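Student: A predicted structure for the sequence below; I have some questions about it.
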Amino acid sequence: MERSGYVYLLTNRTNSVLYTGVTSDLKKRVYEHKNKLVDGFTKKYKVTKLVYCEVFDAIEEAIMREKQIKAGSRAKKLRLIASMNPEFKDLYDEI
């Protein structure tokens, strides 16, 4: 059975750090980041603001897209965010 998947980008309060992730439950995963329940990069650099996401029918598609985004430059990621969310507002309450 295929599950839906999400690729998401998070940033910190000053938009100086970017994090790209993939999940099958976006609301839960971002909640974990916001509440620092996830050890590692996002906790260390206070990366808690959801600024971009894409939805896929299958988690495998989301994983492929995550790899594509991660392989891109910071400038490409910033353009991607700006195309959907030019104000870099936190989208968490909209999901």
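Tutor: That came through fine. Numbers count the residues shown, from 1 in each chain.

Student: any idea how far residue 52 is from residue 32?
Tutor: Here the criterion is CB to CB, to the nearest Å. By it, residue 52 lies 18 Å from residue 32. From N, CA and C alone the C-beta is placed, and that goes for glycine too.

Student: Then residue 40?
Tutor: From residue 40 across to residue 32, the span is 11 Å (CB to CB).

Student: just checking, what's the longest helix in the chain?
Tutor: Taking DSSP state H as the criterion, the chain has its longest helix at helix 59-71.

Student: Tell me which residues of that helix come out buried.
Tutor: When neighbours are counted by 16 or more other CB atoms under 10 Å, the buried residues of helix 59-71 are found to be 59, 61, 62, 65, 66, 69.

Student: now what about it, what contacts it?
Tutor: Contacting residues not belonging to helix 59-71 are listed as 2-7, 9, 20-24, 54, 56, 76-77, 80 [CB atoms under 8 Å, 6 or more residues apart in numbering].

Student: Would you mind writing the CA trace of that helix as PDB?
Tutor: Written as PDB, here are the backbone C-alpha positions of helix 59-71 (Å, rounded to 0.1, in the frame of the first residue of the first chain):
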ATOM      1  CA  ILE A  59       6.500   8.400   0.000                       C
ATOM      2  CA  GLU A  60       9.000   7.200  -2.600                       C
ATOM      3  CA  GLU A  61       8.200  10.200  -4.800                       C
ATOM      4  CA  ALA A  62       8.700  12.500  -1.900                       C
ATOM      5  CA  ILE A  63      12.100  10.900  -1.100                       C
ATOM      6  CA  MET A  64      13.300  11.300  -4.700                       C
ATOM      7  CA  ARG A  65      12.200  15.000  -4.600                       C
ATOM      8  CA  GLU A  66      14.000  15.500  -1.200                       C
ATOM      9  CA  LYS A  67      17.200  14.200  -2.800                       C
ATOM     10  CA  GLN A  68      16.700  16.600  -5.700                       C
ATOM     11  CA  ILE A  69      16.200  19.600  -3.500                       C
ATOM     12  CA  LYS A  70      19.100  18.700  -1.200                       C
ATOM     13  CA  ALA A  71      21.400  18.500  -4.200                       C
END
